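Peer 1: Show me how the following folds:
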Amino acid sequence: STSIQARAMATAAKLTSPNPSWKPLDSQPHPFGQAAHKSIDPEKLASAYFLTISAVVPRPVAFVSSQSSAGVRNLAPFSYFNAVAHDPPTLCIGICKNRDGSNKDTLTNIEETGEFVVNIISDWMVESANHTCGAFPPDVDEMSVVGLTPLASELVAPPRVAESAVHMECKLAGKHEVINDKGAVTCTVVFGRVVRFHVLEPLLEDGPRGS
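Peer 2: Numbers count the residues shown, from 1 in each chain. Below is the predicted model of the structure:
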């Protein structure tokens, strides 16, 4: 709609070079004068969480819909997320353990079924997405709790989120366990092959390669 197009145009207008006159060999110092870098050993921090999420920015958030083998839906956001390849299109999501060391429902569902959907979060739905972070029991459907609208997927069982501008239906392509110095698995990185994209039509535009 006009509102979505206006948002897209406003974003594009901001994506200009801050130094358009730059040329190779021009100096580009940081803006903090003579300030030095501080060396930080992550092993000496009580937790490296806040430093990690503050250092790697901007970072997209995956709004992952999954479904258990019994048919119970789950919806949750994950900020350890990105695209890692395009041939075939592949995404990765880092799913950390719950505070008690148990697996999150999303990981349990993906391991059971091998399917999930990544819905991209936009500012118009951020409150709903954030609310799904709550500690809901496994039998609770977060999509219904927050009032988001499920859309049937084409190739996987978990539904898409209608309010999201982009959906990516995924099949599990592999996973990697992150193990800390105590030998405990703290995070499982899942890799998903995108088998179907869904994009709001007002956001689509033919590129120079017709893609």
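
Peer 1: Strands along the protein, start to end?
Peer 2: Along the chain, the stretches classed as strands by DSSP state E are 62-67, 73-78, 81-86, 89-96, 115-120, 150-151, 160-161, 166-179, 185-199.

Peer 1: Please identify the most buried of those.
Peer 2: The highest average neighbour count among the strands of the chain, using mean count of other CB atoms under 10 Å, belongs to strand 62-67 at a mean of 27. Bear in mind the C-beta positions are built from the backbone N, C-alpha and C, glycine included.

Peer 1: Who does it pair with, and is each partner parallel or antiparallel?
Peer 2: Within its sheet, and counting by DSSP bridges, strand 62-67 is paired with strand 73-78 (antiparallel), strand 115-120 (antiparallel).

Peer 1: Who does the nearest residue to residue 166 once chain neighbours are set aside form a beta bridge with?
Peer 2: Once its chain neighbours are removed from consideration, residue 166 has its nearest residue in residue 120; the separation is 4.2 Å (CB to CB, 6 or more residues apart in numbering). Beta-bridge partners recorded for residue 120 (DSSP bridges): residue 62.

Peer 1: dump the residue contacts of residue 120.
Peer 2: Under the criterion of CB atoms under 8 Å, 6 or more residues apart in numbering, the contact list for residue 120 reads 60, 62, 63, 164, 165, 166, 167, 168.

Peer 1: I'd like those residues as CSV, with pLDDT appended.
Peer 2: Output for those, formatted as CSV (pLDDT from 0 to 100):
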residue, pLDDT
60, 88
62, 95
63, 95
164, 94
165, 94
166, 96
167, 97
168, 98
